[in-house]
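1. give the three-dimensional model of this entry:
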Amino acid sequence: MSINIVAPMPGTVSEVLVQVGDVVKADEELIVLEAMKMENPICAPRDGKVKEIKVGEEDKVDTNQALIVLE
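-> The predicted model follows:
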């Protein structure tokens, strides 16, 4: 079952730490989101495999925007 990992707040993607096909563990950092001059790590909610990355570095994102699809 695939899940979307979404932005918890509006901000700018400062770093994408994974690639499509990577196997990740729960709580592993996937993306660093800069918001209000702070870096916020976005972590995997569970073990899985990165199916799709929907954003790139320097992209502006809104709250609840899909960032990564995990399967």
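2. in this protein, where is pLDDT below threshold?
-> For the chain, not a single residue meets the criterion pLDDT under 70.
3. from Thr63, how far off is the nearest residue to Val50 once chain neighbours are set aside?
-> Leaving aside its sequence neighbours, Val50 sits nearest to Asp22 (CB to CB, 6 or more residues apart in numbering; 4.7 Å). Where C-beta positions appear, they are placed from N, C-alpha and C, glycine not excepted. Using CB to CB, to the nearest Å, Asp22 is found at 25 Å from Thr63.
4. now do Val24
-> To Thr63, Val24 is 23 Å away according to CB to CB.
5. settle it for me: which of the two has more neighbours?
-> Applying other CB atoms under 10 Å to Val24 and Thr63 shows that Val24 carries more neighbours, namely 19 against 11.
6. who's in contact with that one?
-> Neighbouring residues of Val24 by CB atoms under 8 Å, 6 or more residues apart in numbering: 18, 30, 44, 47-50, 70.
7. of those, buried ones?
-> The neighbour-count criterion (16 or more other CB atoms under 10 Å) marks 18, 30, 44, 48, 50, 70 among the contacts of Val24 as buried.
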